[in-house]
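Trainee: How does the following fold in three dimensions:
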Amino acid sequence: MITVSEPQPAVIALYLRDVAALPVAADIPPLSPPVAGTKADVVVDVDAACAEWDSWWGELMLREERQRPGMASDESSLPEPSRYPALGRLTARVQPDALAYSNDRKREAADLRRENILNKVQFQILREARPAFLKGRKARDVSLRVTQLPVYGDFRQSRSEHHVVISLNTYKDPNAYDTALRDALGWRR
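Mentor: Numbers count the residues shown, from 1 in each chain. Reported below is the predicted structural model:
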């Protein structure tokens, strides 16, 4: 099974990163469409906010990795002010805008996933895992969670054999999406 999601907490984390211009997660491109940096009129200890952001992001990605396909995503986690005071102050200042941004991106992603052509890549992967297609070889287990993020460019990051993070552009491009899935599963064409 292959499950695609765009978890709101991850989008909000990237929103906070971009709006406060935090120098974290440099390997993940900026959000697309972009958010205006320094939109938050709150004084944040940048070092503390970066350390908290890195910890929070690690927790979010670990939670995504542990979610197996077919399981509902945990959409409830915003940074807890008691655990992340710097991020808590920032979140309190921009939360309505962050939620609106995330909700808009989630709608766009859901609309895109409804288009059949993009799911052909997933169906092909699943079809290739079936024993009949493998001509006598053992069936392959396909259990993959795809975390889709609204970031610039073609981006993919294999987090584990069960989890890959991709950009919306990667999802839109059948060849790039196929490569991202196969790389995450350890399959070669």
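
Trainee: Can you point out the buried residues in the longest helix along the chain?
Mentor: Longest helix of the chain, by residue count under DSSP state H: helix 85-114. Residues of helix 85-114 classed as buried by neighbour count (16 or more other C-beta atoms under 10 Å): 85-91, 93-94, 98, 101-102, 105-106, 109, 113. For glycine as for every other residue, the C-beta is placed from the backbone atoms N, C-alpha and C.

Trainee: With stretch 148-158 instead?
Mentor: 148-151, 154-158.

Trainee: Now do the end-to-end distance for that stretch.
Mentor: 12 Å (C-alpha to C-alpha, to the nearest Å).

Trainee: likewise stretch 151-159?
Mentor: End-to-end for stretch 151-159, by C-alpha to C-alpha: 17 Å.

Trainee: please begin residue numbering at 34 from this point
Mentor: Sure, I'll start counting at 34 from here, so that last one is stretch 184-192.

Trainee: following the helix-or-strand element of the chain with minimal mean pLDDT, which helix or strand comes up?
Mentor: Least confident helix or strand, the chain: helix 164-167 with a mean of 54, by mean pLDDT, DSSP states H and E. Next along the chain after helix 164-167, taking DSSP states H and E as the criterion, comes strand 177-182.

Trainee: what sits up against that following strand?
Mentor: Strand 177-182 has contacts (C-beta atoms under 8 Å, 6 or more residues apart in numbering) with 34-40, 43-44, 47, 61, 94, 97-98, 100-102, 142, 188, 192, 195-201, 204, 213-214, 217-218.

Trainee: Now do the SS call for Leu111.
Mentor: Under DSSP: H, G, I helix; E, B strand; the rest coil, the three-state class of Leu111 is coil.

Trainee: and it, how many neighbours?
Mentor: The tally of other residues near Leu111 (other C-beta atoms under 10 Å) stands at 20.

Trainee: got the contact list for the residue nearest to it when sequence neighbours are not counted?
Mentor: In space, and not counting its chain neighbours, Leu111 is closest to Thr124: 6.0 Å by C-beta to C-beta, 6 or more residues apart in numbering. Residues near Thr124 by C-beta under 8 Å, 6+ apart: 45, 49, 111-112, 114, 131.

Trainee: Show me the shaky parts of this protein.
Mentor: The chain contains residues with pLDDT under 70 at 70-76, 101-110, 149-151, 163-173, 222.

Trainee: circling back to that earlier point, find the pair from the buried residues of stretch 181-191 with maximum spatial separation.
Mentor: Pro183 and Ser191 (19.3 Å; C-beta to C-beta).

Trainee: Just the contacts of strand 177-182: which are in helices?
Mentor: Counted as lying in helices by DSSP H, out of the contacts of strand 177-182, are 43-44, 47, 94, 97-98, 142, 201, 204, 213-214, 217-218.
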